[in-house]
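**Q** structure for the following, please:
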Amino acid sequence: MTATAHTAPLAVRDLTVAYHETPVLWDIDLEFPAGQLCAIVGPNGAGKSTFLKAVLGLLPKAAGTVRFFGEPLKNARHRVGYVPQRTSVDWDFPTDALDVVMMGLYGRLGWIRRPGRRERELAMQALERVRMTDFAQRQISQLSGGQQQRVFLARALAQDADVYFMDEPFAGVDATTERAILDVMRDLQGQGKTVVVVHHDLDTVREYFDHVSLLNVSVIASGPIQTAFTPELLRKTYGGKVAFLREATPA
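**A** Have a look, this model is predicted:
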C-alpha cells in the first residue's frame, strides 16, 4: 500500500466479492480521504451495499486487503461506525429508541458490563443530535421511517467513531429527516471525521458531498466531485442511461 493508505480512513486494494462464483465486485481499489463527505454512487446491482458489508467484515471477500487507518478491522473496530439500510433491520424487535442507541456502546463496554448512567447520558446526547430526545422511550416499531433512521444514526454517533459508513441513509425519509442527517454529517466533518455514504439521489451529490466514487462492479472513477462527477463518467457508470446529465454538468 502507498504511504497515504497507511493513514487513510479506508484503503481497499484488489477487493473481489463473489456470490456463487459470480463476481459482484471485481478488483476494487479505493481510498477515501480524511475529513471529507464521500459518496458511493452507481446503478442498482452495482455492488455499493456489498462493498460496505465486505469492508466491514459482514460479507466474505474472495480476495483483497482492507485497512482502516493502516490497520485491519479487528484493530480499528472502535474507530468505525456503521448505519445499515433501514430496510435491513427488524423494527418489530421489542425495544425503545434509547436502548437501540445504547447498543452502539457495547463495543466500548464489552458484553459483560452493563450500561450505566454515563452510557445513558451519551445515548441521550446522541438522540439530541438527531432531534429525537422526545422519542427516547418510544418503541421503535411505533416510529416513522424517518424517525427510525435517525435512531440508527444516533446509535452510530454514540460510538464516537472516526469514520462512519452509511448505507442509503436518505432513502425513503421525509425532508426533516434528510436535513437532520445532512446536518449531522456536516457536524462530523467539522470534527475532522470522515463519512462514506452509499447514495442514490444523483441530483444532490454535488450539494452534499466533497468526494465521489462511481461504482458498477468495478470502480469507474473516484475523486473530488469536480473531476469525478462528470457527464462522461456518469454515462460510463450507468451505461449511457442518465437522464439528468444537464444538471450534473459543472457550472
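**Q** which non-adjacent residue is nearest Ala228?
**A** Distance criterion C-beta to C-beta, 6 or more residues apart in numbering; nearest residue to Ala228, sequence neighbours excluded, is Ala221 at 4.5 Å. Where C-beta positions appear, they are placed from N, C-alpha and C, glycine not excepted.
**Q** what about Gln125, how many neighbours?
**A** 14 (other C-beta atoms under 10 Å).
**Q** sorry, wrong one. I was asking about Pro72.
**A** 12.
**Q** that one and Asp187, how far apart?
**A** Separation of Pro72 from Asp187 (C-beta to C-beta, to the nearest Å): 29 Å.
**Q** okay, which residue is most central for this protein?
**A** Nearest to the mean C-alpha position of the chain, by C-alpha atoms, centre = their mean, lies Met166 at 1.9 Å.
**Q** which strands border the host helix or strand of that one, and is each parallel or antiparallel?
**A** Assigned by DSSP states H and E, Met166 falls within strand 163-167. Strand pairing for strand 163-167, determined by DSSP bridges: strand 80-83 (parallel), strand 194-198 (parallel).
**Q** and the helix or strand following the first one, what other elements does it pack with?
**A** The reference is to strand 80-83. Per DSSP H and E, the first helix or strand lying C-terminal to strand 80-83 is helix 97-103. When contacts are defined as 3 or more C-beta pairs under 8 Å, 6 or more residues apart in numbering; DSSP states H and E, helix 97-103 packs onto helix 117-129, helix 145-158.
**Q** name the SS class of the residue nearest to Ala228, please.
**A** strand (DSSP: H, G, I helix; E, B strand; the rest coil).
**Q** show me what contacts it?
**A** Contacts for Ala221 were tallied using C-beta atoms under 8 Å, 6 or more residues apart in numbering; they are Val212, Ser213, Leu214, Ala228, Leu233, Lys236, Thr237.
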